[in-house]
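Chemist: I need the structure of the sequence given here:
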Amino acid sequence: MGCHDGYVEAGLSEPGQLAALEQYLDLTRFIDYMILQIWAANSDWPHNNVNAVRRREPGAGFMFFTWDAEHTLEDMNDNRLSLGINIGPGRIFTRLLANSEFKIRFGDRVHRHFFNEGALTPANLIPLFEASAAAVERAVIAESARWGTYYLETFTADDFRETFYLAPSIQPDFIAYTRDLHWQNEYDRLRQHYLPNRTSVVLNQFRHPTQGLYPTTAAPVFSPHGSTFTSSLPVDLTAAEGVIYYTLDGTDPRVPGTGAPAASALAISGSTQLIVTDTTLLRARVLHHGQWSALNEVLFRANPLIPHPLAEADFAFTEWSPLAPAGTYPEHMIFAQTSTNDPNLSAAMDGFWVLPYNLSSRARINGLGADGISFINTGNAQDMPGSGFLGAATLALDTTAVTQAWVRWTGGTVTPNDRIYGLRLQYRVGMSGPFSDVHDVNGQPVEYIRHSTAGHSAVIGPVALPADALNQPYIELRWRYYHISGTSGPRAQLRLDDISVFTIPSTAEGTFAHWVHSHFTDPEAAQNPAISGPFADPSGTGFPNLLRYALNLAPNDPPHSQLPRLEQVPGTLQLSFPFNPALQDITYIVQGSSNLHDWNLVVFDSNEHPFPQPSQGRITILIDTSNSQTPPPRFFRLAIQFNETPHNTTR
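Modeler: Sure thing, here's the model as predicted:
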């Protein structure tokens, strides 16, 4: 910003000077940057480690980024404001302190990040810190082995003092650093002391009269502070003192510059209750003895989702047209977006996709007709109002009276590209709160990850819905499109299709659920998909429950007598296997292959082809060896397909 330093040195106390500076500086991001440096008490800054960039677009301001910030998070009571930061970006900040409008805007950002589960509240910081520490905990052992004895092996005491400009009287404390002692002690210090308390310490530093960066007048309180609702929602507004001014149209209740109440602002004293009936951005301040509080704002989102009653019928999503009108969604579903590019699993979904489904560039959701929908992020969101990055598909369900349910879906790679993305299945009970991963029988998250081959697809599931998602008036399933790896090049375009959520009557004969009920008499085992699910193998024989059910085996029966048998007779092959036409929720399929990799030839499908009368519980299928397929099949197998809807196979 060197060529524009004149704006800073000329003074920034007047409104016009602040407006002139904003031609070159993204002021909101600059405030956030300063809050973070001060909160972390970065002692190797602002005289060092300063990076700023801007987009090459008219009106785009410079944005500062944190870099090389290891000298942070040290003393919980550090006051970076008192140490002098009148250099680099600190010089801009110091000059801006003479501008009263800047202080208002600074206080507004402090409130956003320090209250209501904002970015720097303990409720937000601690889980992020714990997750980050858990991700590197084992790797720290290797780091300790490499660097833990660096000083011991590299320096003598004299060398150390000379290298780091230390006084001759200082005796270096050379020790071997280990994870279990030094890293763990630092983790405990940050987790138990620094993170729970640092935000309140810095808030008082901002609030101190010598700084005036956060007003002493308390901001109004909303209860609830943001929510998703179906029809209407009562919201309480309260203030300890002064008059509350609030707006429902997204404008600031205070007029910038003049400090007068806005014409659109409504005024109340004490407290009131609003009834919110539509998606509403509520913004409010308190005016007390001529001082405005910080701005409190929150979005109340009307939920357009009506849950599908799963006890009445199974759910299916099979197609979405590229010509579907913008702002419409499949029944019981909605598509979410985020303001974060290359979002990871923790990035917040902060809006809905409201644009067309036939766009051909930039970040977008495309309707693929019978192939469902696809997600792709690019470097830019659409140049349209309401645009964002992707994203998620959310399905609402009413699982009242449902004791078992399964979900199956297809994930696919439209275009692999360089940056790897995934589609992960998650759920939550209710309309708000965090989502949790759905796990398979091995305890792994259920997801599809970008494949290196364009056009690849895979059927995922059936996977049992978690127990706490059953018998609930409202749950949400979410397929989260998220960034896994890669920092350059285009992103993977993934598709989502053929979603089915289904139940099987727990007492109906001829169903897998009835087999479970008959063989797993322990209620806990019967409800645990890792034990009694179709793909669980509690006996450890390599025969999951679904195969045992199809081949008329109990959970602990030896499987050898019930295996398929392939025999050669003159002119043909014949395959015999156990077959029960009364089983309503599976299909027996005989497949052929020439290479044990591609099983494209369907020799027999019990749901499509006639079958002979079983003899002693088995049927025999004749295989025509004169098949014209090239190369001819040399291998055959019996596949069991688990169907979401029971059907009658008797013919």
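Chemist: count the residues that sit near residue 461.
Modeler: Other residues near residue 461 come to 21 when the count uses other CB atoms under 10 Å. For glycine as for every other residue, the C-beta is placed from the backbone atoms N, C-alpha and C.
Chemist: that one and residue 405 touch, don't they?
Modeler: No: at 11.3 Å, residue 461 does not count as touching residue 405 under the criterion of CB atoms under 8 Å.
Chemist: how about the contacts made by the closest residue to residue 306 other than its chain neighbours?
Modeler: With CB to CB, 6 or more residues apart in numbering as the measure, residue 332 is the residue that lies nearest to residue 306, at 6.3 Å, once sequence neighbours are left out. Counting by CB atoms under 8 Å, 6 or more residues apart in numbering, residue 332 makes contact with 305, 306, 307, 308, 315, 395, 396, 397.
Chemist: quick check on the residues you listed: which are buried?
Modeler: Neighbour-count burial within these applies to 305, 307, 308, 315, 395, 396, 397; the criterion is 16 or more other CB atoms under 10 Å.
Chemist: now, the most widely separated pair of those residues?
Modeler: Checking those against each other with CB to CB, the farthest-apart pair comes out as 305 and 315, at 12.6 Å.
Chemist: before we move on, the earlier item: will you turn the contacts of residue 332 into TSV that also has distance to residue 258, pLDDT and secondary structure?
Modeler: Compiled in TSV, the contacts of residue 332 are given as follows (distance: CB to CB, whole Å; pLDDT from 0 to 100; DSSP: H, G, I helix; E, B strand; the rest coil):
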residue	distance to residue 258	pLDDT	secondary structure
305	42	85	coil
306	46	88	coil
307	48	93	coil
308	52	94	strand
315	55	93	strand
395	49	97	strand
396	46	95	strand
397	51	96	strand
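Chemist: where do the helices of the stretch 501-650 of the chain begin and end?
Modeler: Counting by DSSP state H, counting those that start in this stretch, one finds helices in the stretch 501-650 of the chain at the ranges 512-519, 523-527, 529-532, 545-550.
Chemist: thinking again about what came up before, which of the buried ones among the contacts of residue 332 sits closest to residue 267?
Modeler: Using CB to CB, residue 305 is the member of the buried ones among the contacts of residue 332 that sits closest to residue 267, with 35.2 Å.
Chemist: any idea how far the closest residue to the closest one other than its chain neighbours lies from residue 482?
Modeler: In this structure, residue 305 finds its nearest non-sequential neighbour in residue 396, 3.9 Å apart by CB to CB, 6+ apart. Using CB to CB, to the nearest Å, we find residue 396 at a distance of 21 Å from residue 482.
Chemist: and residue 31, that one's in a strand?
Modeler: No: membership of residue 31 in a strand is not supported by DSSP: H, G, I helix; E, B strand; the rest coil, which gives helix.
Chemist: that one against residue 107, yeah?
Modeler: No: taking CB under 8 Å as the definition, residue 31 is not a contact partner of residue 107, at 9.6 Å.
Chemist: pLDDT value on the residue nearest to residue 306, please?
Modeler: The confidence metric pLDDT takes the value 94 at residue 332.
Chemist: could you do residue 402 as well?
Modeler: pLDDT, read off for residue 402, is 89.
Chemist: just for the stretch 101-250 of the chain, where's the confidence low?
Modeler: Along the stretch 101-250 of the chain, segments meeting pLDDT under 70 span 230-231.
Chemist: and the helices in it?
Modeler: With helices called from DSSP H, counting those that start in this stretch, the stretch 101-250 of the chain shows them at 122-136, 139-147, 150-154, 157-163, 184-189, 195-207.
Chemist: point out the most buried one among those helices.
Modeler: helix 195-207 (a mean of 18; mean count of other CB atoms under 10 Å).
Chemist: quick one: distance of that one to the chain centre.
Modeler: Taking CA atoms, centre = their mean, to the nearest Å, one finds helix 195-207 lying 29 Å from the centre of the chain it belongs to.
Chemist: now swap in stretch 119-131 and tell me
Modeler: In terms of CA atoms, centre = their mean, the centre of stretch 119-131 is set 16 Å apart from its chain centre.
Chemist: which residues touch that stretch?
Modeler: Residues from elsewhere that reach stretch 119-131 (CB under 8 Å, 6+ apart): 35-36, 39, 113-115, 117-118, 190-191, 195-196, 199, 346.
Chemist: straight-line length of stretch 266-286, end to end?
Modeler: Taking CA to CA, to the nearest Å, the span from the opening residue of stretch 266-286 to its closing residue is 11 Å.
Chemist: meant to ask about stretch 575-586
Modeler: 19 Å.
Chemist: mind listing what's buried along it?
Modeler: Counting neighbours by 16+ other CB under 10 Å, one finds that the buried residues in stretch 575-586 are 575, 576, 577, 578, 579, 580, 581, 583, 584, 585, 586.
Chemist: and those residues, which of them are in strands?
Modeler: 575, 576, 577, 578, 586 (DSSP state E).
Chemist: can you pull the buried residues of stretch 36-43?
Modeler: Of all the residues in stretch 36-43, those buried under the rule 16+ other CB under 10 Å are 36, 37, 38, 39, 40, 41, 42.
Chemist: widest-spaced pair of those residues?
Modeler: It's 36 and 41 that sit farthest apart of these, by CB to CB, at 10.5 Å.
Chemist: point out where the stretch 551-651 of the chain drops to low pLDDT.
Modeler: Counting by pLDDT under 70, the ranges of the stretch 551-651 of the chain that qualify are 625-630, 644-651.
Chemist: hmm, 90 instead?
Modeler: Along the stretch 551-651 of the chain, the parts satisfying pLDDT under 90 run over 556, 558-561, 567-573, 580-585, 592-603, 606-617, 622-635, 642-651.
Chemist: how near is residue 293 to residue 283?
Modeler: Residue 293 sits 12 Å away from residue 283, going by CB to CB.
Chemist: who has more neighbours, these two?
Modeler: Ranked by neighbour count (other CB under 10 Å), residue 293 and residue 283 place residue 293 first, with 27 against 24.
Chemist: identify the residues contacting the more buried one.
Modeler: Residues touching residue 293, when contacts are defined by CB under 8 Å, 6+ apart, comprise 215, 217, 218, 219, 220, 242, 285, 286, 287.
Chemist: can you flag which of the residues you listed belong to strands?
Modeler: Using DSSP E, these in strands are 242, 285, 286, 287.
Chemist: could these be laid out in a markdown table, adding neighbour count and distance to residue 85?
Modeler: Putting the ones in strands among the contacts of residue 293 into a markdown table (neighbours: other CB atoms under 10 Å; distance: CB to CB, whole Å) gives the following:
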| residue | neighbour count | distance to residue 85 |
| --- | --- | --- |
| 242 | 20 | 33 |
| 285 | 31 | 28 |
| 286 | 26 | 30 |
| 287 | 21 | 31 |
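Chemist: for these, which one is nearest residue 367?
Modeler: For the ones in strands among the contacts of residue 293, the closest approach to residue 367 (CB to CB) belongs to residue 285, at 43.3 Å.
Chemist: for the closest one, what are its contacts?
Modeler: By CB under 8 Å, 6+ apart, the contact list for residue 285 reads 219-220, 244-246, 252-254, 292-296.
Chemist: can you list those in a markdown table and add distance to residue 234?
Modeler: Supplementary listing: the contacts of residue 285 in a markdown table, determined by distance: CB to CB, whole Å:
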| residue | distance to residue 234 |
| --- | --- |
| 219 | 20 |
| 220 | 16 |
| 244 | 16 |
| 245 | 20 |
| 246 | 15 |
| 252 | 24 |
| 253 | 21 |
| 254 | 26 |
| 292 | 26 |
| 293 | 23 |
| 294 | 24 |
| 295 | 22 |
| 296 | 17 |
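Chemist: good, we can wrap up now.
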